[in-house]
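Chemist: predicted model and sequence follow; I will ask about them next.
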Amino acid sequence: MVSTISKEELAVLPQEVFPGRIIVIQSESEAEKAVSYLEQFKEIGFDTETRPAFRKGVSNQIALMQLSTEDTCFLFRLNHIGLPNCLANILINPGIKKIGLSLKDDFSAIHKRQALVPLSFIDLQPFVKQYGIEDNGLQRIYGILFGKRISKGQRLSNWEADTLSEAQKMYAAIDAWACLKIFNELKYREKVNL
């Protein structure tokens, strides 16, 4: 397996598209339905988005939390609903692995919303090193494993907008889904090589 990929090699790869359902969650009752669906899975992809602050010393709270299965991604609009108990419960549920990337910032941002200790999280940065992958950014890891490029065009967009654009939804869904996909692919390759 290739252990690294250059910016130039990444740039020419075809762009990835999330093939599943994207469901935006904007009420506590919708959150409860989404969580009861997610609780059926042993592993889910995880990511968050925060509206960027372009001034020094200014920071915003998490606006969006994405939780994804292989075919469905839920986008929880935390700027509308806060961090409901059902969602907090999934973050501390030891029976569900949450796979994300560079989780330290996510955890401190979650802590600003609610004092909880997230459990059963797998950070892909140290995880992929066990498989000889040197790159630690989501785009590069994904490019190495799947030969496709994840667009980062929406990263600095306004995640607190009244309505998320289709491009924002696609970007947010891919980030959480890609974490799960990377984890599953590496576990699969490990089994095949045993």
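Modeler: That came through, no problem.

Chemist: the strands in this protein, which residues?
Modeler: Assigned by DSSP state E, the strands in the chain fall at 21-25, 43-50, 62-68, 72-77, 97-100, 121-123.

Chemist: now render those strands as a markdown table, adding mean neighbour count.
Modeler: (C-beta placed from N, C-alpha, C; glycine too.) Shown next, in a markdown table, are those (neighbours: other C-beta atoms under 10 Å):
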| stretch | mean neighbour count |
| --- | --- |
| strand 21-25 | 18 |
| strand 43-50 | 24 |
| strand 62-68 | 25 |
| strand 72-77 | 24 |
| strand 97-100 | 24 |
| strand 121-123 | 17 |
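
Chemist: can you put the ones you listed in TSV and add mean pLDDT?
Modeler: Below are the strands of the chain laid out as TSV (pLDDT from 0 to 100):
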stretch	mean pLDDT
strand 21-25	97
strand 43-50	95
strand 62-68	95
strand 72-77	98
strand 97-100	97
strand 121-123	96
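
Chemist: show me what contacts the closest residue to Trp159 other than its chain neighbours?
Modeler: By the measure of C-beta to C-beta, 6 or more residues apart in numbering, the closest residue to Trp159 outside its immediate chain neighbours is Ala63, 3.8 Å from it. If you count contacts by C-beta atoms under 8 Å, 6 or more residues apart in numbering, Ala63 has them with Glu49, Thr50, Arg51, Arg77, Leu78, Asn79, Trp159, Glu160.

Chemist: any stretches of the chain with poor pLDDT?
Modeler: 1-2, 54, 58, 153-156, 193-194 (pLDDT under 70).

Chemist: report the longest helix in it, please.
Modeler: helix 166-192 (DSSP state H).

Chemist: quick one: that one to strand 21-25, angle?
Modeler: On the basis of axes from the mean of the first three to the mean of the last three C-alpha atoms, to 10 degrees, helix 166-192 is oriented at 120 degrees to strand 21-25.
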